[in-house]
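A.B. asks: Next comes the sequence, and after it the predicted model I'd like to discuss.
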Amino acid sequence: MEKGLLYRGKSKSVYAEDDDYTCILEYRDSTTAGNGAKKAELDGKGALNAEISSVLYQYLEQNGIETHFIKKLDDTRILAKKVDIINVEVIVRNIAAGSFSKKYGVPEGRPLKNTVVEFSLKSDQLGDPMMNESQVTALGIASQEELEVLKKTALRINTLLSSLFDECGMVLVDFKLEFGIYDGRLILADEISPDSCRFWDKATGRKLDKDRFRQDLGDVIGAYREVLRRLRNAQQL
Ligand code: TMP
């Protein structure tokens with residue numbers, strides 16, 4: 001195993017630092033879909049996601065959300081607080097799309113009467129199955145109190161990001177968050193990028209996220225670059 005490598009995910013690697021409180025996250029060009037069934041290397045994706053996620057985490061920090069982000073080290077690497085990851089993914093949905101549309105037979109693009117918050121087990125082996133709250137607490141993955149914090153924080157992040165993306169001419173359709181424990185506090189970890197969100201252009205409906213890869217729509221990197229360009233022009237940042 002590579003020196004210092006703590007974990008190699010599908011699109012990021014985590015490296016140890018000399019202390020117990022920080023780690024280095026490296027964003028790679030690798031991309032996968034369908035739980036690893038489809039794979040590609042997309043030149044420049046790592047750098048784009050490292051920058052987009054850093055910009056968004058700094059925006060969230062400025063608005064009172066604690067994240068693991070400390071600083072950018074270079075094009076593809078960030079220094080982060082070393083957290084104990086909570087083993088559930090938190091998915092927030094504003095508009096029907098993806099697995100929600102498929103599972104419930106709802107056309108993609110249908111607005112939802114309320115924001116949906118879902119939990120799913122972080123397990124590639126099991127295909128990240130959706131879990132209800134009593135299943136999460138029964139397995140000791142998080143307590144009910146922690147779930148309340150996760151939901152409240154996820155909804156606050158949704159409000160902040162929806163406003164920012166609206167200013168950038170994009171609709172925030174849905175996104176996935178991961179949290180971890182740091183010094184006894186629940187903080188936002190992992191990334192927020194076009195790999196972990198759905199964004200549609202407000203005027204044309206053009207997809208500007210990883211669905212371009214999942215659905216073979218082409219110009220994946222062009223779309224990610226466009227997301228970063230619009231964020232750089234945003235007044236709120
Ligand atoms: P889904 O519609 O496939 O359930 O995805 C919902 C959102 O979560 C979408 O923005 C993509 C994101 N997501 C991830 O980032 N990683 C995952 O493993 C999954 C299943 C979804």
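C.D. replies: Yes, it's here. Residues are numbered from 1 along each chain as shown.
A.B. asks: make it CA atoms for all contacts and neighbour counts henceforth
C.D. replies: OK.
A.B. asks: who's in contact with residue 224?
C.D. replies: Residue 224 sits next to 45, 48, 49, 194, 208, 209 when contact means Cα atoms under 8 Å, 6 or more residues apart in numbering.
A.B. asks: In helices, which of those fall?
C.D. replies: 45, 48, 49 (DSSP state H).
A.B. asks: picking up where we left off before, mind putting the contacts of residue 224 into JSON lines with neighbour count and distance to residue 6?
C.D. replies: JSON lines is the format used below for the contacts of residue 224 (neighbours: other Cα atoms under 10 Å; distance: Cα to Cα, whole Å):
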{"residue": "45", "neighbour count": "24", "distance to residue 6": "22"}
{"residue": "48", "neighbour count": "23", "distance to residue 6": "23"}
{"residue": "49", "neighbour count": "26", "distance to residue 6": "20"}
{"residue": "194", "neighbour count": "27", "distance to residue 6": "24"}
{"residue": "208", "neighbour count": "25", "distance to residue 6": "31"}
{"residue": "209", "neighbour count": "22", "distance to residue 6": "28"}
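A.B. asks: Between these, which sits nearest residue 228?
C.D. replies: Minimum distance to residue 228 across the contacts of residue 224 is 7.3 Å, recorded for residue 48 (Cα to Cα).
A.B. asks: Just the pLDDT for the closest one.
C.D. replies: The score at residue 48 is 98. That number is its pLDDT.
A.B. asks: these two touch, right, it and residue 226?
C.D. replies: No - contact criterion Cα atoms under 8 Å: residue 48 and residue 226 do not qualify, at 10.1 Å.
A.B. asks: ok, how many other residues are close to residue 11?
C.D. replies: By other Cα atoms under 10 Å, the residues close to residue 11 number 17.
A.B. asks: hang on, isn't it packed against residue 36?
C.D. replies: No - using Cα under 8 Å, residue 11 is not in contact with residue 36; the gap is 10.6 Å.
A.B. asks: check contacts around the residue nearest to residue 233 when sequence neighbours are not counted.
C.D. replies: Nearest residue to residue 233, sequence neighbours excluded (Cα to Cα, 6 or more residues apart in numbering): residue 168, at 7.8 Å. The contact partners of residue 168, by Cα under 8 Å, 6+ apart, come to 230, 231, 233, 234.
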